[in-house]
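Visitor: for reference, the sequence and a predicted model appear below.
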Amino acid sequence: MAEIILKDGGTGQELLARSTMAPHPLWSAKVMMEEGHIVQGVHADYIRAGAKLITLNTYAATPERLAREGVPELFHPLQAKAIELARAARDEVGIDGVRIAGCLSPLHGSYRPDMAMRHDDLLPLYRDIISGQIAASDVILCETMSAISEVTAAAQAAVETGVPTWVFMTLSDDDSATLRSGEPLQDAVEALSGFGVAGIGLNCSKPEIISSNLPALLRQDKPVGAYANGFTGIAALGIGGTVDVLAARHDLTPAAYADFAMGWVEDGLTFVGGCCEVGPAHIAELARRLTGAGHTIL
């Protein structure tokens, strides 16, 4: 049996379900500013579900997004608030061994590779973001990377901190083995060679897409992970859009999602969890299945 890192599920859609606020382009950051207790509650519920790795709620709190919405001054306060709430949730539940993951996300918005800048332009921006998270991060997740320039710049900025870094890429919905930029997944994997990342993987893609593309990652000499989303598709989300325009699948029940994730573990993955529309019930079922199969959750 294997030792498996089990991270939390998605945060943004979970906040949407719990908050009374209207959806906003800075959704998860806005809820953190005005309803921080809800963010802490989401973290706590994932820990109670069995996750041993919770992710800082900084995905939407990039300088670019905040500047677009006219509140650039909130960047540093939001980084600090995210750390405060993650730590408070861990203390609230009181389960030993829970770790915190820093987060590097696409700077302008999810699934917008057309807005990705060159590596050299992205690198100082990612360095600035991660500098505020290092002290609280046991691991760094570069997640939902849609273009190779995002992949390499986020990886370099994170690895430079000395904190173990995992890089997760999001793939096109057409199962073409490409990032959402249209660049081949294999080219992205090769571009990461030599960066010294702790692991590579796929996230915020349909679980079926992840399953069909994992063999390409498993051929590499790196630990591999995956956490899928539960959207029917992402075409409706434009720049500055709000998360409520994305529809959730009705067939991806906790049991169905656990079937996918357990299959990934059987194939050799050592890192699993969930992304958008994969909530605490999904993580609880996955934790139950992992321990039932004799795996150790790290």
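Guide: Here it is on my side, so go on. Numbering: from 1, shown residues only.

Visitor: which residues touch residue 165?
Guide: 139, 140, 141, 142, 155, 158, 159, 196, 197, 198 (Cβ atoms under 8 Å, 6 or more residues apart in numbering). In short, each C-beta sits where N, CA and C put it, glycine included.

Visitor: could you point out where the stretch 1-150 of the chain is predicted with low confidence?
Guide: 24, 27 (pLDDT under 70).

Visitor: in it, which spans are helices?
Guide: With helices called from DSSP state H, counting those that start in this stretch, the stretch 1-150 of the chain shows them at 12-18, 27-34, 36-49, 63-68, 75-93, 119-131, 148-159.

Visitor: which residues touch the closest residue to residue 6 other than its chain neighbours?
Guide: Once flanking residues are discounted, residue 6 sits nearest to residue 297: 4.8 Å by Cβ to Cβ, 6 or more residues apart in numbering. Residues near residue 297 by Cβ under 8 Å, 6+ apart: 4, 5, 6, 50, 52, 287, 290, 291.

Visitor: hmm, back to that, quick one: closest of the helices of the stretch 1-150 of the chain to residue 184.
Guide: Distance to residue 184, taken as Cβ to Cβ, is lowest for helix 148-159 among those, at 9.2 Å.

Visitor: and that closest one with helix 119-131, angle?
Guide: Per axes from the mean of the first three to the mean of the last three Cα atoms, to 10 degrees, the angle that helix 148-159 makes with helix 119-131 is 40 degrees.

Visitor: for residue 97, see how far away residue 273 is.
Guide: To residue 97, residue 273 is 15 Å away according to Cβ to Cβ, to the nearest Å.

Visitor: hmm, I was thinking of residue 129
Guide: 27 Å.

Visitor: for residue 100, list each beta-bridge partner.
Guide: Beta-bridge pairing of residue 100 under DSSP bridges involves residue 54.

Visitor: for residue 225, that is, sorry about that
Guide: Beta-bridge partners, per DSSP bridges, of residue 225: residue 201, residue 271.

Visitor: shaky segments in the stretch 151-298 of the chain?
Guide: 234-246.

Visitor: now with 50, please.
Guide: Along the stretch 151-298 of the chain, the model assigns pLDDT under 50 to residues 236, 238-241.

Visitor: that older thread, now for the contacts of residue 297: which two are most distant?
Guide: 5 and 291 (13.9 Å).

Visitor: out of these two, which sits in the more crowded spot?
Guide: A count of neighbours by other Cβ atoms under 10 Å puts residue 5 above the other of residue 5 and residue 291, at 21 against 15.

Visitor: report how many residues lie close to the closest residue to that one other than its chain neighbours.
Guide: In this structure, residue 5 finds its nearest non-sequential neighbour in residue 271, 4.4 Å apart by Cβ to Cβ, 6+ apart. When counting by other Cβ under 10 Å, one arrives at 25 neighbours for residue 271.

Visitor: how far away is residue 271 from residue 155?
Guide: From residue 271 to residue 155 the distance is 16 Å (Cβ to Cβ).

Visitor: kindly report the same for residue 44.
Guide: 30 Å.

Visitor: let me see the contact set for residue 139.
Guide: By Cβ under 8 Å, 6+ apart, the contact set of residue 139 is 53, 99, 101, 102, 163, 164, 165, 166, 198.

Visitor: rerun that using 6 Å as the cut-off
Guide: Taking Cβ atoms under 6 Å, 6 or more residues apart in numbering, we find residue 139 in contact with 101, 164.

Visitor: what's around the spatially closest residue to residue 18 that is not a sequence neighbour, how many residues?
Guide: Leaving aside its chain neighbours, residue 18 sits nearest to residue 38 (5.1 Å; criterion: Cβ to Cβ, 6+ apart). As a burial measure, residue 38 scores 19 neighbours (other Cβ under 10 Å).

Visitor: residue 38 contacts residue 20, correct?
Guide: No: assessed by Cβ atoms under 6 Å, residue 38 is found out of contact with residue 20, at 9.4 Å.
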